[in-house]
Structures are given as C-alpha cells and as structure tokens.
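1. give me a 3D structure for the following:
(chains A and B)
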Amino acid sequence: MTTVDQTTAVPDEVRRTFGARVHAWVVSVDHKRLGMMYVGFGLCFFIVGGIEAALMRAQLAQAAGKIVDPATFNQLFTMHGTTMVFLVGMPILLGMGNYLIPLMVGARDMAFPRLNAFGLWLFVFGAGLLYYSYIGAQGLYGTSAAPDVGWFAYAPLTSKTFSPGNSTDYWILGIMVSGFGSITTAINLVATILVMRCPGMTLMRMPLLCWMMLIVGMLVILAIPVLTGAQAMLLLDRFLGAHFFDTQNGGSALLWQHLFWFFGHPEVYILVLPAFGFLNEVIPVFSRKVIFGYSLMVAATVAIAFISVSVWAHHMFSVGMSPEINSFFAATTFLIAIPTGIKIFTWMGTMIGGKIRFETPMLCATAFIGLFTFGGLTGIMLAVVPFDWQLGDSYFVVGHFHYVLFGGTVFGIFSGIFYWFPKATGRLLSETLGKWFFWFLLVGFNLTFFPMHISGILGMPRRIYMYQPDRGLEIWNLLSSIGVIFQGVAVALFVWNVIRSLRNGKPAGNNPWNAWTLEWATSSPPPDWNFDQVPTVGSARPLWDQQNPQDPDSRHEEHL
Amino acid sequence: MNASMNAGAIHARQSTVRQWQPSRGKVGMVCLIAAESCIFLTFVVAYLFYIGKSATGPQPKDVIEMPLVIVNTIALLSSSFTVVMAVKALERKASRAFLGWLGVTIALGLWFIGGTAWEWKGLMEEDGLYLGTNLFGTTFYSLVGLHLLHVVVGLTMLGLVLILGALGFVRGKHAHAFDMLSWYWHFVDAVWIVVFTTVYVIGR
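-> Okay, here's the model as predicted:
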C-alpha cells in the first residue's frame, strides 16, 4: 500500500508534533493553559486519592478485614488526606481561579504570568516529591514507605524516634514546596483582581467569584506560611536536633497542634470559598435571576474570612485545654455559622421565583446547598464541647467533614467544571452522561458518608485499620463501602464524558448557558489574548446590558 | 479563529465611577510581605511560648550581650535610610549618587551579618549555646537565623542591582522596581524591630 519510507515517517511525525505540543504546554505562561494544567493534575490526583480511599473502604467493608496490613493502612489515610487537601482541592480551585479570573475581569492575563507558571511547576514538583516516597522513602518498616503520620502529622509522632527514616520528610518537603506554589498563586490572584480590572469594573461590579477568590487569596497568604513555618521547625527538629516539638526536652506537642490548626481551619475555608464562588455564578444563571443580595454575599465572605482565623482550636477540644479557651473557640465556631447561613439563604433567595433549569451544573449546585448545610449542622454539633469530647476523633467527624469538603467543595467543583468546560474547550459535556454521573455520585456519596455518622456514634474511632465483629458496626461499614462502588461508577462516567465530549461534544458557541459575565463574551475557547478589545462594563452583568439596552442593570445598581 | 466577536461591543457608556487600581508591583510586594510576616509570626509565637521554659542553661539573661546587638541594630536601621536615598537618587537619574547610597546600604547590611556572626561565635564558643542545647538555643537561633536569611536574600538582590548598576543597566525607568525592592528591605528592617523586641527586650 505505502512505501517503507512513508510508514516510518508517519509515527515519527506524530511523535514530533506530540513533543512540540507538550513543549508548548510546558513553557506556557498563559493563564488559561496553566489553569487547565492545574485542573488536569488535580483531577488525576482526585482519582489517585479516590483509589486510596477505596482501598481503605475495602479493608473496612467487613469486620477484621485482611486486605491491607496496618502499616499500609496508615500510609493510605495519610496520603488520602494529604492528597485530597493539597493535591486536589488546592490546585483545582486555584487553577479554576487562574483560568477564570482574568477572563471575568476583562484582562489579558494574570498580573504576573511568569510567577504563575513558577507556582504551577512548584506544585507539580511538590506533588512529585510527596508521591516519590512510595518508591524511594525509608519508613518504620523499611523501604518504599509513604508518609504514615496522618495528614495533620501530630507531634511527637513525627519525631525521629517514632518516625525513623525519611518518609515524614517527604511529607514535610512535598507540602512545603507545593505550599510555596500556592502562596505565589494567591499573590497573583490578589494582584490580578485588584489591579487588572477592565474600565468600569469597580470592586462591587466584579462577578462574585472574583470576590471569593480575592478573599481566598488573602487567606492563603495568611494561613499557608504558618504551616510552612511549623514545617520548618519540624525539619529543624528532625535534622538539626532542635526541640520545638520534642517533649523530652521541654518542647510542646501542643504547639504543633495550635500552629497546624491555625493553618488548618482557614484552609477549610480556602477549600470551600471558591466553591461558594462557583455557586454564585451558576445559581443566578440557571435561575434566570440576578443574585439575591450581592453586597450581603460580599460582606458574609469577608466576615467568614475574619472569623475563620479565630476558630482553630475547636479541632483540639479533646486535648484538655482550659474551660475558658474551650468556650471561646466554641463561641467563635457558632459565630461563623451565621455568615455561612446568610450565604445559604442568599442562594435560596436567588432560586425562589426563578425559572430554574436543572442542567448538570445546577444539579450539582443544588446538591451542594443541601449537603453543605447538613455538614455545617454536624459541625455546629461538634462545636458543642461536651459533644465533641464524646465524638471527637470518631467516624462522626469523618462523616461531618466529608459532607463539607466532598458534599461542598467537590460538588461545587463539578458544578463549575460542567459550567465552564464549554468555555475552556469549545464543546459541551454530554448532558445525559452528566445526569447519570450526578445521580450516581449523589447516591454513592450519601451511602458512603451518612452511615459514618452512625458508626461514629456507636463508637468507631477514625483511623483504625480493623474493628471486631459483633459490635454493631458491620452493617454501617458495609453500606459505606458499597457507596464507594457508586462513586467509582460516577467518576468513570465523568472521565468517559470528558473524553467523549472533547472528541465529538456539541459545539458550545460563545455563550451556551446565556450567562451574563465577561468570560462568555469571548469565543470558546478564548484566543490567547482573551479579548479583541479591552471591554468596558457598566454593571455586574455586562452581557445582560448588551442584550437589553432598553433596560440595562446599570440603571438599577446602587454604587457602593 | 472566530475570536471574541462580541467583546468589542461591550462598551457601555463610559463609566464615571472612579476605580481604585494600585500598581501591581505594590500589590504583589505587599502580599509577599504579608506572607513573610506570617512566617515570622509563627517563629515569634514559638519564641514567646518557650520563654523561660529551658530546663537547663544557658539562660538568655546570662549570655546575651546588649552593646554588640545595639550597634548591629543601628547599622541595619540606618540602611533603611540609605536605601531611600538610593531610590531618590535613581528617581532623579543621579547614577553616581544612586550607586554610592546603594553601596553604603549593602555595607551596612554586611556589617549586620558580620556582627551577628561575631555574636553567634561568642554564644557558641564561650557559652556553649547551640541549636540543640536547650529551648532557648532552639528558638533563638531559628528566629534570629530566619531574619538573617532574609537579610542575606535582601543583600543578594541589592548586590545584583549594584552589579547591574555599575555596568550601566539600571536607569531611571527602573526606579519603581527598585523602589519595590527597597520596600522588601524596609520590611527586613521592620521585622528586626519585632525580633529585637522579642528576643532582647521581652525575652531577657
């Protein structure tokens, strides 16, 4: 059919173009490419972290399970937690901010494009360092040992005595490096939002996602360095014989807990505020209404940011702090429920009386409201100190924070991905597959995490690798494990949906959802330069103004 | 590419609202300083937390010598003044004055590093205080050392500017960028006031 020359030439050609394409991505400083790489890496790690969770659920599906040994189990929950927080939540949320913020504020790129690329590759390097531990690290039980000290790495377990080898150092350095990446990205987000807005876009005309990202950027700048500092102290302890957390020489294990959670609790809001932002974009568009209470939403977000740095010790009630300190942190924790509740009512206020279209982004957003509220309420239960003494470190806590971080953040992320996928790729995700994905995920999620509240109340502590039969825990654990199958199917459907839609999804056009913010004004995918002309806006909904020149928003908006 | 057909059309009536949009260099540097401050805060908190908790000697009141530290402090704080003079000189394109003030700034920074080295040498050789000796050693060397690291980073950048300036590459148009670098240097000085207060006033 063809000559030898041609057959050898074809694969060569393919390889070269593939290499050239990879090269173009690697050297890119374009916020859109960097954003998509963040999200892509994050989704890959979402699958890795999910596999780790699935292995744990397989082990716990029946009493006295024998699928993994205790040492492996310790590594699994450590890597699962660390992965989901630092290698899934952070990159996907910051990455989506990276992609969307310049488009939303009408800018050509981020404020510091090269710093942006630097941040991404620091994150990738940190992630690689953490996962290299599976190959190269030495742990308590020899080589190929991933970190096994839990995602919050309490002292003195992390001292050289109890964690010999270097698996803990991989945890420290991997998170530290990716933390530097997060800080640079946060600086970039704050600078972009404050400096790069197009003419007419005052702060109170920004899409609410920009507000959320601004606050998140500030929280990252405030919180991550504290973890970095604490990790630096831990490194000094482990390598140079310092005594920060060395209880044998007057050091304090409690100091690590305070420093870690001073980072850790704002981190929870760092992980959920961007998801709030996605909802703020999705819910008005799919309810065909203006967001109810724009300035209320901004105020609530700022309030959350302030209160979130004063609630950290509610993670430490069972440590045995004084009643005064316990009361203070219980009070602040109740307090933060108020601005969060305001947001819930703001979204419902937007939906009431709207012409709601339940497409996949809206389905995920609606589920978010319900699941996050449920997780928030169990959070208030845990803020009651005596209740926490009873159920702290039990599966009740595991159920609680998965409702917040999975039911909240992950559903928010999927809502955002279904919403902006057409903008980023020019093709719509399949709605049928999307609905199947959503229902499988919703059912699987609740099946896995609701029974955890019950097994927790029945007394099952978190992080145990097995439990004895005849304690009434079997059925709840079995249900949790069955839920994982549904979630696995959901993720497979999502991956299939992405692959299929990238190849032959429906072309999206500029504005498939008939939305109102600037990113929908440019083509899908946007050109390298984002906008042919720098846009000028007169309200928070520039595309509405354009479509309805007889009744633009600028006539109704008050100026703050 | 059918690029952004509509974008050009989004020209609502020219806005009369005044927009607050600072320079990105300033915002970026302020954010960096905020992040760095939080790292320092962590170490300051640890220092305050461990004051007086060292089970064994040497204790701060036995070994800390004030005169040397005060001379170092004066050198470092004066460098904030000289770097401002360098910025002013660059703004009015007086390159000799700029290089001169920059050189003095670097010299004062080097003085500080040398003075600290002298102080540490005394603490180690005469008093036997090392990082692992007790909690005082742990917190002292890490907090003062963290600050010293920032002095080194600042001096490296200032030195780079000096070399580029001596080769004639730094012009008046770079004044804003150099001003931002001077903000970092001011931050290093301001942090020293906090560290000084923590270690040499409260901690003694």
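2. which residue ranges form the strands in the chain?
-> Going with chain A. Here chain A has its strands, by DSSP state E, at A:138-139, A:142-143.
3. ok, residues contacting the first one?
-> Meaning strand A:138-139. The contact list for strand A:138-139, computed with Cβ atoms under 8 Å, 6 or more residues apart in numbering or on different chains, reads A:71, A:75, A:145, A:146, A:147, A:148, A:163, A:164, A:165, A:166, A:167. Placement of C-beta: from N, CA and C, glycine included.
4. wait, the second one sits on residue A:150?
-> To tie it back to what came earlier, the one meant is residue A:75. No: contact criterion Cβ atoms under 8 Å: residue A:75 and residue A:150 do not qualify, at 10.4 Å.
5. what number of residues lie near whatever residue of the stretch 401-550 of chain A ends up closest to chain B?
-> Chain B sits closest to residue A:538 of the stretch 401-550 of chain A, with a gap of 3.0 Å, by Cβ to the nearest Cβ. Counted with other Cβ atoms under 10 Å in any protein chain shown, the neighbours of residue A:538 add up to 25.
6. flag the shaky bits of chain B, pLDDT-wise.
-> Judged by pLDDT under 70, chain B has its weakly predicted residues at B:1-19.
7. for it, which segments count as helices?
-> Along chain B, counting by DSSP state H, helices occupy B:24-49, B:60-63, B:66-91, B:95-125, B:135-166, B:175-196.
8. let's have those helices in JSON lines, adding mean neighbour count and distance to chain A.
-> As requested, the helices of chain B are arranged in JSON lines below (neighbours: other Cβ atoms under 10 Å in any protein chain shown; distance: least, Cβ to the nearest Cβ, whole Å):
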{"stretch": "helix B:24-49", "mean neighbour count": "20", "distance to chain A": "3"}
{"stretch": "helix B:60-63", "mean neighbour count": "14", "distance to chain A": "15"}
{"stretch": "helix B:66-91", "mean neighbour count": "18", "distance to chain A": "21"}
{"stretch": "helix B:95-125", "mean neighbour count": "17", "distance to chain A": "14"}
{"stretch": "helix B:135-166", "mean neighbour count": "19", "distance to chain A": "4"}
{"stretch": "helix B:175-196", "mean neighbour count": "19", "distance to chain A": "12"}
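9. now these as CSV including distance to residue A:442?
-> Listed next are those as CSV, based on distance: least, Cβ to Cβ, whole Å:
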stretch, distance to residue A:442
helix B:24-49, 38
helix B:60-63, 60
helix B:66-91, 59
helix B:95-125, 60
helix B:135-166, 48
helix B:175-196, 49
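10. residue contacts, the closest residue to residue B:34 other than its chain neighbours?
-> Nearest non-adjacent residue to residue B:34, counting by Cβ to Cβ, 6 or more residues apart in numbering or on different chains: residue A:221, 5.2 Å away. Residues in contact with residue A:221, defined by Cβ under 8 Å, 6+ apart, are A:183, A:186, A:187, A:190, B:31, B:34, B:35, B:38.
11. ok, residue B:183 next?
-> The contact partners of residue B:183, by Cβ under 8 Å, 6+ apart, come to B:26, B:29, B:30, B:33.
12. ok, and the closest non-adjacent residue to the most centrally placed residue in chain A?
-> Centroid-nearest residue in chain A, with Cα atoms, centre = their mean: residue A:89, separated by 2.3 Å. Leaving aside its sequence neighbours, residue A:89 sits nearest to residue A:271 (Cβ to Cβ, 6+ apart; 4.5 Å).
13. from residue A:413, how far out is that neighbour?
-> Counting by Cβ to Cβ, to the nearest Å, the separation of residue A:271 from residue A:413 is 10 Å.
14. is residue A:459 in contact with residue A:394, as I believe?
-> Yes: Residue A:459 lies in contact with residue A:394 (Cβ under 8 Å); the separation is 7.0 Å.
15. these two: who's more crowded?
-> Neighbour count, other Cβ under 10 Å: between residue A:459 and residue A:394, residue A:394 has more, with 21 against 15.
16. next up, the contacts around that one.
-> Applying Cβ under 8 Å, 6+ apart, the residues near residue A:394 are A:456, A:457, A:459, A:460, A:461, A:462.
17. before we move on, what about residue A:344?
-> Going by Cβ under 8 Å, 6+ apart, the list of residues near residue A:344 reads A:369, A:372, A:373.
18. for the closest residue to residue A:379 other than its chain neighbours, give me its contacts.
-> What sits nearest to residue A:379 in space, not counting adjacent residues and going by Cβ to Cβ, 6+ apart, is residue A:400, at 5.9 Å. The neighbours of residue A:400, taking Cβ under 8 Å, 6+ apart as the test, are A:375, A:378, A:379, A:381, A:382, A:453.
19. pLDDT score for the third one?
-> Right, residue A:379. At residue A:379, the model reports a pLDDT of 95.
20. isn't it up against residue A:402?
-> No: checked against Cβ under 8 Å, the pair residue A:379 and residue A:402 is beyond contact range at 11.8 Å.
21. who in the stretch 451-560 of chain A is up against chain B?
-> For the stretch 451-560 of chain A, the contact set with chain B under Cβ under 8 Å from any Cβ of the partner chain comprises A:510, A:518, A:521-523, A:526-527, A:529-533, A:535-539, A:542-543, A:545-546, A:552, A:554, A:559.
22. among those residues, which ones are in helices?
-> Judged by DSSP H, the subset of these located in helices is A:542, A:543, A:545, A:546.
23. next one, pLDDT for the last one please.
-> On pLDDT, residue A:546 comes in at 89.
24. doesn't residue A:408 make contact with the residue nearest to the centre of chain A?
-> No: between residue A:89 and residue A:408 there is no contact under Cβ under 8 Å: 10.5 Å.
25. sorry, back to before: can you flag the buried ones in the residues of the stretch 451-560 of chain A next to chain B?
-> For these, a burial check counting by 16 or more other Cβ atoms under 10 Å in any protein chain shown picks out A:510, A:518, A:521-523, A:526, A:530-531, A:535-539, A:542-543, A:545-546, A:552, A:554.
26. tell me, how many residues neighbour residue A:249?
-> Using other Cβ under 10 Å, residue A:249 is surrounded by 18 other residues.
27. and it, how far is that from chain B?
-> 7 Å (Cβ to the nearest Cβ, to the nearest Å).
28. which residue, neighbours along the chain excluded, lies closest to that residue?
-> residue A:243 (4.3 Å).
29. what's the answer for residue B:44, then?
-> The nearest residue in space to residue B:44 (Cβ to Cβ, 6+ apart) is residue B:198, at 5.3 Å.
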